[in-house]
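> model the structure of this input:
(one chain, ligands or ions: 1)
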Amino acid sequence: MEIVTVALIAVVISSVLYLIFRDSGPKGLPPGPKPWPIVGNLLQLGDKPHSQFAELAQTYGDLFTLRMGTQTVVVASTPSAATEILKTHDRILSGRYVFQSFRVKDHVENSIVWSECNDTWKNLRKVCRTELFTQKMIESQAHVRERKAWEMVEFLKKKEGEEVKIVEVIFGTLVNIFGNLIFSQNIFELGDPSSGSVELKEHLWRMLELGNSTNPADYFPIMGRFDLFGQRKEVAECLQGIYDVWGAMLKERKAAKKARGNEGKNDFVEVLLDSGLNDQQINALLMELFGAGTETSASTIEWAITELTKNPKVTAKIGSELLTVVGHSTVKESDIPNLPYLQAFVKETLRLHPPTPLLLPRRALETCQVLNYTIPKECQIMVNAWAIGRDPKTWSNPLAFSPERFLNSSIDFKGNDFELIPFGGGRRICPGVPLATQFISLIVATLVQNFEWDLPNGMNPKDLNMEEKFGLTLQKEPPLYIVPKSRA
Ligand code: HEM
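Model prediction:
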């Protein structure tokens with residue numbers, strides 16, 4: 001069906017609904033800009049909702065309301081409002097708003113990201129907490145990440161003097177880190193896009209793209225059941241494609257384990273086969289860990305390298321800390337606890353560039369009172385981590401990139417300090433925090449230890465474009481190109 005016809009049908013249906021229900025909207029909501037009939041505030045929003053929401057918060061306060069089509073959305077923009085959402089009312093506001101494209105049969109029920117906080121979700125979180133992301137498991141897999149970081153160095157050494165789109169190298173490195181953590185296999189060879197399982201790669205890439213694409217049914221859910229643009233169908237096909245490839249690998253691993261007893265591989269599949277989860281849950285969990293972990297981390301590292309390029313003094317401090325602590329040995333994950341400036345640098349990068357700037361949308365399971373306003377049942381809630389990280393009432397000189405601000409501070413992103421929430425908070429806080437911080441720190445340290453770099457064509461670092469492109473994750477636009485040079 002033509003997109004114009006669909007839009008017209010949506011407008012007619014929504015107009016009728018608007019005329020019927022216009023006076024019966026929820027009462028006591030936080031204030032917000034006046035919505036237009038039918039489209040609500042949609043036309044007032046551009047392509048950077050996180051920064052527009054920050055501006056709206058100046059006028060309407062800590063909590064404000066928007067109408068996105070027929071949906072009511074409340075946005076929290078300060079540490080105190082975030083505390084209310086993620087701590088005080090965490091249980092009632094722990095539902096997820098499931099994007100229409102992802103409402104695929106049998107997916108939401110088995111999904112750690114999209115399901116309600118029910119028994120299945122609790123079990124999946126428990127497996128993450130007690131099996132996959134324990135300190136013991138993370139330490140035992142450190143050599144895998146260190147090997148991949150070193151392969152990245154070898155790849156970049158071959159590219160000396162050439163322009164490199166660094167996010168592609170980082171993303172490729174992370175994809176292979178995940179392939180090895182999960183299955184003990186590379187997904188493809190760096191610099192050779194035709195290598196590896198083409199089918200698996202295409203499905204994984206497409207899933208990430210679909211996660212970042214807009215579905216009009218999220219604003220007009222009445223259109224949702226028809227899947228007019230075929231996005232849900234495509235997500236279902238991609239999921240099936242991934243599960244077919246991974247399902248076959250799982251089957252092989254199960255058979256090998258049965259034949260040889262404990263196979264001895266130290267990866268997620270090995271752990272999950274003993275976890276009591278069924279095949280569908282294992283498949284869904286692996287796919288979601290991959291999806292949730294790769295793009296967010298690649299985006300963070302690209303911003304980190306951008307900030308290093310713009311702030312040579314910061315790069316020099318990381319370099320000199322590395323020299324003092326590690327000397328001329330190759331940096332390892334076990335060195336990270338002894339590198340406080342590097343840790344402060346990662347926090348500062350995530351303060352200014354949280355890859356999911358509005359976290360993942362929550363949904364009210366019941367009506368509740370927040371900061372003397374009424375949040376109605378089924379209302380969507382967004383928390384603007386990007387605005388909170390730049391709040392001038394919380395941070396001095398908030399736009400300056402200064403890791404020093406974290407050096408003598410106990411502020412961390414583990415969910416207790418609501419002024420720094422790149423990983424969210426409360427019961428749905430990102431379970432990947434311990435893993436993500438390890439490999440982000442390792443990759444940054446490995447790059448600084450081994451390379452200097454220029455910008456292409458004598459571009460000045462001061463002119464680096466810091467534009468942000470908002471999808472599900474915050475990406476740099478245009479992407480950063482560097483010309484690597486090995487350190488002597
Ligand atoms: C820089 C890296 C990362 C950032 C900034 C990040 C951020 C987030 C955020 C903001 C949420 C939503 C939290 C909330 O609703 O309060 C989330 C959820 C999640 N993240 Fe991450 N993440 C990162 C890396 C990872 C990694 C490496 C993994 C796993 C390997 C992972 C797995 C997940 C999962 C499974 C969820 C859903 C949790 C749930 O709904 O219960 N993330 N992440």
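> sketch out the low-pLDDT regions of this protein for me.
1-26, 262-263 (pLDDT under 70).
> recalculate using a threshold of 50.
Counting by pLDDT under 50, the chain has low-confidence residues at 1, 3, 20-21, 23-24.
> for it, what lies in contact range of the ligand?
112-113, 288-289, 292-293, 296-297, 300, 354-356, 359-360, 422-425, 428-432, 435-436 (C-beta under 6 Å from any ligand atom). In short, each C-beta sits where N, CA and C put it, glycine included.
> what is the burial count for Pro361?
By other C-beta atoms under 10 Å, 17 other residues sit near Pro361.
> show me what contacts it?
Pro361 makes contact with Val73, Arg96, Tyr97, Gln380, Ile381, Met382 under the criterion C-beta atoms under 8 Å, 6 or more residues apart in numbering.
> helix or strand next in line after the one helix or strand Ala284 maps to, which one?
Per DSSP states H and E: Ala284 is located in helix 279-310. Using DSSP H and E, the next helix or strand after helix 279-310 towards the C-terminus is helix 312-326.
> what packs against that next one?
Applying 3 or more C-beta pairs under 8 Å, 6 or more residues apart in numbering; DSSP states H and E, one finds that helix 312-326 contacts helix 279-310, helix 340-352, helix 433-450.
> what are the contacting residues of stretch 191-199?
Phe155, Gly172, Asn186, Ile187, Phe188, Glu189, Lys201, Gly241, Val245.
> which ones among the residues you listed lie within strands?
Taking DSSP state E, every one of those sits outside strands.
> hmm, back to that, buried residues in the helix holding Ala284?
Across helix 279-310, burial judged by 16 or more other C-beta atoms under 10 Å covers 281-310.
> number of nearby residues for Ile336?
20.
> how about it, phi and psi?
For Ile336, the backbone dihedrals (degrees, to the nearest 10) come out as phi -60, psi -40.
> was I right about it contacting Ala344?
No - if you go by C-beta atoms under 8 Å, Ile336 and Ala344 don't touch, sitting 12.0 Å apart.
> by neighbour count, which of the contacts of Pro361 wins?
Counting by other C-beta under 10 Å, top hit in those: Ile381 with 25 neighbours.
> could you count how many residues lie near the closest residue to that residue other than its chain neighbours?
Closest residue in space to Ile381, ignoring its immediate chain neighbours: Arg362 at 4.3 Å, by C-beta to C-beta, 6 or more residues apart in numbering. Number of residues near Arg362 (other C-beta under 10 Å) recorded here: 26.
> Phe470 too?
Quick note: Phe470 (other C-beta under 10 Å) scores 20 neighbours.
> what do you get for the one 3 residues further on?
For Thr473, the neighbour count with other C-beta under 10 Å is 21.
> then Glu452?
With other C-beta under 10 Å as criterion, Glu452 counts 16.
> and the helices and strands packed on helix 312-326: which comes nearest Lys462?
Within the helices and strands packed on helix 312-326, the stretch nearest Lys462 is helix 279-310; the backing value is 7.0 Å (C-beta to C-beta).
> gap between the closest one and the chain center?
Chain-centre distance of helix 279-310: 6 Å, with C-alpha atoms, centre = their mean, to the nearest Å.
> over to stretch 429-443?
In this view, stretch 429-443 has its centroid 11 Å away from the chain centroid, taken as C-alpha atoms, centre = their mean.
> list the contacts of that stretch.
Contacts for stretch 429-443 (C-beta under 8 Å, 6+ apart): 86, 112, 125, 128-129, 133, 135, 138, 142, 145-146, 149, 152, 170, 173-174, 177, 289, 292-293, 296-297, 300-301, 304, 331-333, 336, 339, 342-343, 346, 413-415, 423-424.
> filter the residues you listed to the buried ones?
The neighbour count (16+ other C-beta under 10 Å) marks 86, 112, 125, 128, 133, 138, 142, 145-146, 149, 152, 170, 173-174, 177, 289, 292-293, 296-297, 300-301, 304, 331-333, 336, 339, 342-343, 346, 413, 415, 423-424 as buried among those.
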